[in-house]
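1. model this:
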Amino acid sequence: MKSFARLLLIGAALATASAQASELLPYTDARFTELTQAHKPLVLDVHADWCPTCRVQQPVLKQLVSAPPYDAYTVLVVNYDDQAEVRQRFKVERQSTLVVFAGTEERGRATGYIDAKSISLLLNKGL
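-> Just a heads-up that it's a prediction; the model follows:
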């Protein structure tokens, strides 16, 4: 019985880790630095709640990063309206912009992509 309970705990921990990997996290400079210095694949999602393209794009992105081969990605959401200094730092002019990093190197960016195929092709650049 103890072995079964332990397996349940391990399974729950793995499920939690998997769910966290596919979460979209708010952008912070500290998170960005930590992830890029660790050479983790990363997507900046410049998002505005009022943007219809963003509302379509974000669930597609979240679904893609929740499964292989993109589940190693972390998505950091930049609030288009509240984080103008971050947008300026990364030279992003429009909402619905995705910026892909592999370590500290920007590997690609796109604005307005809403279909899984186009977003997948962009994500491939960071793997």
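2. residue ranges with poor pLDDT in the chain?
-> Judged by pLDDT under 70, the chain has its weakly predicted residues at 1-22.
3. That one: helices as residue ranges?
-> Per DSSP state H, the chain carries helices over the ranges 2-21, 29-37, 52-64, 84-89, 116-124.
4. Quick check: buried residues in the shortest one?
-> This points to helix 84-89. Neighbour-count burial for helix 84-89 flags 86, 87 (criterion: 16 or more other Cβ atoms under 10 Å). No exception for glycine: its C-beta is placed from N, CA and C like everyone else's.
5. Residue 106 and residue 92 touch, don't they?
-> No - look at residue 106 against residue 92 with Cβ atoms under 8 Å: they stay out of range, at 11.1 Å.
6. Now list whatever residues contact both of the two.
-> Residues touching both residue 106 and residue 92 (Cβ atoms under 8 Å, 6 or more residues apart in numbering) are residue 99.
7. and the two? which has more neighbours close in?
-> residue 92 (21 against 17; other Cβ atoms under 10 Å).
8. wait, what's in contact with that one?
-> 44, 46, 78, 99, 109.
9. Between those, identify the one with the most neighbours.
-> residue 46 (26 neighbours).
10. Name the nearest residue to residue 69, sequence neighbours excluded.
-> Using Cβ to Cβ, 6 or more residues apart in numbering and skipping the chain neighbours, the partner closest in space to residue 69 is residue 127 (6.4 Å).
11. Quick check, central residue of the protein?
-> By Cα atoms, centre = their mean, the chain has its centre lying nearest to residue 75, at 1.5 Å.
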